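Student: quick one: sequence plus predicted model below, questions after.
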Amino acid sequence: MKKIVVSFDTRPEIIKLAPVIHELERSAKFDVVKLHTGQHDELAENMLNLFKIVPDYDFKSMSSTSDLFELTEFLLPKLKEFYSAEKPDAVIVQGDTTSSYLCALAAFYVQIPVYHVEAGLRSFDNYNPFPEELNRKQISNIASLHFAPTSTAKQHLLNEGIDESRIFETGNTVIDALYQIKKSDQFHVSRPEFLNSLTTDQKLILVTAHRRENHGKPLSKIMEALIEILNADDSRVIVFPAHPNPKVREVLNNKNFHHKRLNVIEPLDYLSFHHVLEQSDLVLTDSGGIQEEAAALGKKMLVLRKTTERQELIENGFTKLVGSDTEKIVTETKSMLSSTKKKNTFNPYGDGNAAKKIVEIIQSRI
């Protein structure tokens, strides 16, 4: 039996790795050790409970660090001790957080193979998103196996000189998680009550914004756009689940951004959020995972970022980059909402079987 460490940190990582963990645990070939480095403790708890994942280790990094320097100083020694004690045959990391990079780096230092889920995403700007773009490039330099979600991501890795025999186009595991949850009994009893108050002539806009690049003035410009959008049409209603980051809350609490149809609410649990997403007429987001989920559901969407590593959505006309440009957000929102096109059909992220493909490949290689 091979010992596999699966490392996760943030809420999106838990969502995207849950299908992989479950698939590994169904196999008699693996001893799965679940490591929660703990950057998003309060947001992660609901996800862990929902997907019935119990970490074997929790480093609680959020309570011990305040910036990237401290996170690096905190995690690397703990990972050295952890890997030395567990002696895994491989380590699985997902995406592009600093914790994922540090888990990969520490594994490299002790010569443990690293398998990268959601490999090959690129914005081609090291500072947008920061520090994620550099993190994922560094993980690519370390990883032994690369599980690319799309053909575009695979091509990026090939362009960087990575051996094609180590790259596998699998689809994105976020679609696995989405489809699994939508089939569950829990999903059907988790619809938020406020959705029932919406009338058929109202247009619901779902907004999420939390990335570092949107902190401060950029988020203020986004909020100015939201007020303009609401003032332009009484039928529009906005729901904005607020990330707990104090830099986000500071802007959202500004009285200049209060409006009777702007509903800034506490973060929604995964099930409730997807009810809101499904009922939305338009999504404005800087989240990578939500871009993927919106594509799977055929939702109209605008990306509140200057760049995106999910370039296939831009290239195929599924969405547009509007950043924090107030005028552009207002103009493109009007265009999207007035479009007669009811549903987008472009979904490059797979059929919900990515985790199964990933585990089959690992079984054949380890």
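Tutor: The structure has been received and is ready for your questions. Every value quoted in this text rests on a predicted model; they were computed, and no experiment measured them.
Student: strands of the protein, residue ranges please.
Tutor: Taking DSSP state E as the test, the strands found in the chain are 2-8, 30-36, 57-58, 90-94, 114-117, 145-148, 167-169, 203-208, 236-241, 262-265, 282-285, 301-303, 319-321.
Student: paired strands for the fourth one, with orientation please.
Tutor: Strand 90-94 has the following strand partners under DSSP bridges: strand 2-8 (parallel), strand 114-117 (parallel).
Student: do the last one as well
Tutor: Taking DSSP bridges as the criterion, strand 319-321 pairs within the sheet with strand 301-303 (parallel).
Student: I'd like the mean pLDDT over the partner strand, please.
Tutor: Averaged over strand 301-303, pLDDT sits at 96.
Student: what is the distance between that strand and the centre of its chain?
Tutor: The chain centre lies 15 Å from the centre of strand 301-303; the measure is C-alpha atoms, centre = their mean, to the nearest Å.
Student: how about residues contacting that strand?
Tutor: Residues from elsewhere that reach strand 301-303 (C-beta atoms under 8 Å, 6 or more residues apart in numbering): 282-286, 291, 294-295, 313, 318-322, 329, 332-333, 336. Where C-beta positions appear, they are placed from N, C-alpha and C, glycine not excepted.
Student: what's the longest helix in this structure?
Tutor: For the chain, the helix that runs over the most residues, judged by DSSP state H, is helix 68-86.
Student: quick one, that one and strand 30-36 angle?
Tutor: Relative orientation of helix 68-86 with respect to strand 30-36: 150 degrees, computed using axes from the mean of the first three to the mean of the last three C-alpha atoms, to 10 degrees.
Student: right, and residue 191 touches residue 272 too?
Tutor: Yes - the pair residue 191 and residue 272 qualifies as a contact (C-beta atoms under 8 Å) at a distance of 7.4 Å.
Student: out of those two, which sits in the busier spot?
Tutor: With neighbours defined as other C-beta atoms under 10 Å, residue 191 and residue 272 compare such that residue 272 has more, 20 against 16.
Student: how close does the closest residue to the more buried one other than its chain neighbours get to residue 279?
Tutor: Of all residues not flanking residue 272 in the chain, residue 192 sits nearest, at 4.8 Å (C-beta to C-beta, 6 or more residues apart in numbering). Using C-beta to C-beta, to the nearest Å, we find residue 192 at a distance of 9 Å from residue 279.
Student: pull out the buried positions in stretch 227-234.
Tutor: Buried residues in stretch 227-234, counted by 16 or more other C-beta atoms under 10 Å: 227-230.
Student: what's around residue 126, how many residues?
Tutor: Residues lying near residue 126 (other C-beta under 10 Å) number 12.
Student: no no, residue 73
Tutor: Around residue 73 there are 12 other residues, counting by other C-beta under 10 Å.
Student: now for it: which residues touch it?
Tutor: Going by C-beta under 8 Å, 6+ apart, residue 73 touches residue 65.
Student: can we see that at 10 Å?
Tutor: By C-beta atoms under 10 Å, 6 or more residues apart in numbering, the residues touching residue 73 are 64-65, 67.
Student: try residue 80
Tutor: 106, 109-110.
Student: what ranges do the helices span in the stretch 51-200 of the chain?
Tutor: Under the criterion DSSP state H, counting those that start in this stretch, helices of the stretch 51-200 of the chain are mapped to 68-86, 98-109, 132-142, 151-159, 173-182, 185-188.
Student: tell me which of the ones you listed sits nearest to residue 221.
Tutor: Taking C-beta to C-beta, helix 132-142 is the member of these nearest to residue 221, at 21.6 Å.
Student: list the buried residues in the closest one.
Tutor: Residues of helix 132-142 classed as buried: 132-133, 135-140, 142 (neighbour count, 16+ other C-beta under 10 Å).
Student: export those residues to TSV and tack on distance to residue 167?
Tutor: Output for these, formatted as TSV (distance: C-beta to C-beta, whole Å):
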residue	distance to residue 167
132	20
133	19
135	19
136	14
137	15
138	17
139	13
140	10
142	14
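Student: which single one of those is nearest to residue 118?
Tutor: Using C-beta to C-beta, residue 136 is the member of the buried residues of helix 132-142 that lies nearest residue 118, at 8.3 Å.
Student: who are the contact partners of the residue lying closest to residue 243 once chain neighbours are set aside?
Tutor: Sequence neighbours aside, residue 210 is the residue nearest to residue 243 in space, at 3.7 Å (criterion: C-beta to C-beta, 6+ apart). Residue 210 sits next to 219, 241-245, 247-248, 267, 285-287, 304 when contact means C-beta under 10 Å, 6+ apart.
Student: can you select the buried ones from those in PyMOL?
Tutor: Selection of buried members from the contacts of residue 210 for PyMOL, criterion 16+ other C-beta under 10 Å:
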select buried, resi 219+241+242+243+248+267+285+286+287+304
